[in-house]
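**Q** give me a model of this one.
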Amino acid sequence: MAEPAAPPVPSGGEKYPGEKALSARELEWAVNTPALLADHAAANGPIVRTRFPPEPNGFLHIGHAKSMNMNFSLAFEKLGVPAENRRTIFRYDDTNPEAEEEEYIDSLRRDVEWLGWEPERTTYSSDNFDKLYDFAVILIKKGLAYVCDMTKDEMEAQRDLARRRAAAKSDGRDPDSEAPIPSPDVLPGRNRDTSVERNLRLFEEMRLGLHDEGKLTLRLKMDFESSNPNMYDLVAYRIKYTPHPHAGEGWCVYPAYDFTHGICDSLERIDYSICTLEFETRREPYYWILWALDLYRPKVYEMSRLNIEYTVLSKRRLLKLVMAKHVRGWDDPRMPTISGLRRRGYTKEILNGFCDDLGATRSKNVVEMGKLYQTARLRLGPTSRRAMAALDPIRVVITNFDNEKKAEEGRGDGMTFDVDNSPTDPSMGSHKVTLTSTVYIDSTDFRLKDHPTYYGLAPDKIVGLKYHGGNLKCDEVVKDGDTVKELRCTLDKSEGRPKPKTYITWVPSDGIPCEVRVYGHLFTVPEPTDRWEEELNPESEVVYPNAVVDPSVREYADARHVDRWRSNPALQFERFGYFVVDTETTFDSASGGGKLVFNRTVSLKEESFKKELNEEELAEIEARRDKAKKDKEAKEARMQIDPADLFKLAPEFAGKYGTYDEKTGVPKTLADGTELTASAMKKLKKEQAKHAKQVAKFKKA
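**A** Have a look, this model is predicted:
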């Protein structure tokens, strides 16, 4: 059977002004014939079509969000395609039934919808199984495919031999000497030159289920002399006795990814097949298959994949995180999956905005996690409703509450305050908070031992009480062992009261009990290594089971507003960060029953580090200050020493020398009477001269 004619020479012509923006490495197999170009142009007209083809073998992650952004938006922007001519197909690349599940298929669809992308249509690679099989038969008839009975180990040995021979040839060495072929059964292989009739018969037997899994494959007759290992007779079909979640039980032979996706691109009239750089070496087999079948060849563009700090995006590793129960599931808020990010409180505006900012290039890099955090802050700040909360609450009893309440009422005020839901957007309205005789403050706002760098509450110290405006003074600490159980405090709103350094938030006695989960990095290192399981962060999730939030959020946080497939109610807990109601919430605002759970999305940008210092850190700061003070005093004292008296009065020379030169003050002997050498005295004169310069400079300053 004759092979296809050699591909034609590339011809120019651009459909849109930015077409070169998505140009990449050219291959002769990638060139379309005039007939194919005409047919494609007649079918598409002014339309430019891309595709987003994830495999349904796991949940989509933030890397897929970047791919969606490229295929549904950025690619068209780069090309200069008008909005009315943009089309994107959402395709399930479902060729491996062993790894695919209905749960994954459903989650992919929901994530695409949630991110706001509207595909032209949704397709399945498996819908083309009949056509793909027919194309495989065509390749057999052309002598470009054959049924192979080599085992997996034999294929690996064959490809390793071909790789070593190609490397030798590339270096100008003799491949027959460097990597000799032991037998034609190894390379090119015992099945490669078998008859078309034999291969058609065996391939049909594979389809009918007459052979065991792993016994036979259909391979493409490509090029064992290529420098690209992906051209070493790739497997196009393998036997799998596994029902397909979409196609059902009608097949026991399934096409491989490399054979499938290029053909589906051509059948779906794709103009640009966009993937990540690790697929760059797949460009040769992609175009070879389309060339061999005389099908339209879309343009292929490879961009850098998204690598982001403190996480992994490998589906194999993500699956292991789930299966080993390192996380709560695919939608754990620490996971980089879209479901996990949504559950953590990241909105589609945050993720799409983050991807917009990243853009798409061919440069490999690792994106700082801080960029995602900052994108979240910028979008959550103007839209999040404010509330007060205490994650680790301490009970505060205001002992003079009744008197202060009467005084407030006498001034025409009261203990209920209007609080804006947003300090910048009046349209978001307001809510009321009422100060009660017992309130809760967060444990980070109180310390038993005060410190100049700590602005919070301490015994016999005042702080301001937010929204009330008065001062709160801690008069008594009630402890249970080493644990602070209660603070007994007094309010002061009198004129002329001391001005506090800070105002703390509080939750009234009727605050709603809740659980708050604060999330950090999933890994302890920015770029996890092959030992990534050992690099998991044991403190990536910190749970506060006894938190309280002010009662104004009661209706807002009701479980009926919560759905795992959409963005859930978000709040800014003042001074703590941005939080979202978790999907495990069962809270019923009417009865007050059920569990209320919040996840922290991201901390506040203006979060003050000095309010969060622990005792050990405070001690270190104090020690550094003491040392700096002593060093300064010692320097000042040293600068008062006359150079002639340096070796008599400086602490480091005390008791070291016995006699001195009467004119210069330079030592002549050690304390035991040993005479100093001329060299030693010369060094001391240099030390004295250096001190003299330092003294002169100090006095001048």
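
**Q** what's the average pLDDT for stretch 443-451?
**A** For stretch 443-451, the mean pLDDT works out to 93.

**Q** how about His326, what does it touch?
**A** Under the criterion of Cβ atoms under 8 Å, 6 or more residues apart in numbering, the contact partners of His326 comprise Lys320, Glu533, Leu536. Every residue, glycine included, has its C-beta placed from N, CA and C.

**Q** could you report the pLDDT at the last one?
**A** The reference is to Leu536. Leu536 is assigned a pLDDT of 97 by the prediction.

**Q** surely it touches Gly520?
**A** No: using Cβ atoms under 8 Å, Leu536 makes no contact with Gly520, being 11.5 Å away.

**Q** can you pull out the residues in contact with the lowest-mean-pLDDT helix or strand in the chain?
**A** Counting by mean pLDDT, DSSP states H and E, the weakest-scoring helix or strand in the chain turns out to be helix 615-638, with a mean of 80. With contact meaning Cβ under 8 Å, 6+ apart, helix 615-638 is reached by Arg447, Lys449, His451, Thr453, Tyr454, Leu613, Ala650, Pro651.

**Q** ok, and the most crowded of those?
**A** The residue in the contacts of helix 615-638 with the most neighbours, by other Cβ atoms under 10 Å, is Tyr454 (21 neighbours).

**Q** that residue touches Leu448, doesn't it?
**A** No: with contacts counted by Cβ under 8 Å, Tyr454 stays clear of Leu448, the gap being 11.0 Å.

**Q** now the nearest residue to Ala75 once chain neighbours are set aside: how far from Ile270?
**A** Excluding the flanking residues, the one nearest Ala75 by Cβ to Cβ, 6 or more residues apart in numbering is Thr50, at 5.6 Å. Taking Cβ to Cβ, to the nearest Å as the measure, Thr50 falls 7 Å from Ile270.

**Q** quickly list what's touching both of those two.
**A** Taking Cβ under 8 Å, 6+ apart as the contact criterion, the common neighbours of Thr50 and Ile270 are Ile89.

**Q** output the below-cut-off pLDDT ranges for this protein.
**A** Within the chain, the set of residues satisfying pLDDT under 70 comprises 1-14, 606-615, 617-618.

**Q** coming back round to it: got TSV for the contacts of helix 615-638, with secondary structure and distance to His468 too?
**A** As requested, these are arranged in TSV below (DSSP: H, G, I helix; E, B strand; the rest coil; distance: Cβ to Cβ, whole Å):
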residue	secondary structure	distance to His468
Arg447	coil	22
Lys449	coil	26
His451	coil	25
Thr453	coil	25
Tyr454	coil	22
Leu613	coil	26
Ala650	coil	59
Pro651	helix	56
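
**Q** quickly name whichever of the residues you listed is closest to Trp506.
**A** Lowest distance from Trp506 to the contacts of helix 615-638 (Cβ to Cβ) belongs to Arg447, with 16.8 Å.

**Q** quick check: the spatially closest residue to that closest one that is not a sequence neighbour vs Phe259, distance?
**A** Excluding its sequence neighbours, the residue lying closest to Arg447 (Cβ to Cβ, 6+ apart) is Ala458, at 5.2 Å. With the distance defined as Cβ to Cβ, Ala458 ends up 71 Å from Phe259.

**Q** equivalent analysis for Lys152, please.
**A** Lys152 sits 18 Å away from Phe259 when distances are taken as Cβ to Cβ.

**Q** one step back: contacts only, for the residue nearest to Arg447.
**A** For Ala458, the contacting residues are Phe446, Arg447, Leu448, Lys449, Asp450, Cys474, by Cβ under 8 Å, 6+ apart.

**Q** reformat these as JSON lines; add distance to Tyr92.
**A** Formatted as JSON lines, the entries for the contacts of Ala458 read as follows, by distance: Cβ to Cβ, whole Å:
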{"residue": "Phe446", "distance to Tyr92": "55"}
{"residue": "Arg447", "distance to Tyr92": "56"}
{"residue": "Leu448", "distance to Tyr92": "60"}
{"residue": "Lys449", "distance to Tyr92": "61"}
{"residue": "Asp450", "distance to Tyr92": "62"}
{"residue": "Cys474", "distance to Tyr92": "62"}
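
**Q** just flag the most distant two among these.
**A** The distance between the two most remote of the contacts of Ala458 (Cβ to Cβ) is 12.4 Å, for Lys449 and Cys474.

**Q** count of neighbours near Asp130?
**A** For Asp130, which is what you asked about, the neighbour count (other Cβ under 10 Å) is 11.

**Q** quick check: the gap between Ala35 and Lys142.
**A** Taking Cβ to Cβ as the measure, Ala35 falls 18 Å from Lys142.

**Q** and Val548, what are its bridge partners?
**A** Under the criterion DSSP bridges, Val548 forms beta bridges with Ala390, Pro513.

**Q** that one against Gly511, yeah?
**A** Yes: using Cβ under 8 Å, Val548 and Gly511 qualify as a contacting pair, with a distance of 3.8 Å.

**Q** Trp586: what's it in contact with?
**A** Let me fix one detail, which is that residue 586 is Thr and not Trp. Counting by Cβ under 8 Å, 6+ apart, Thr586 touches Ala559, Gly594, Lys595.

**Q** appreciated, that's everything.
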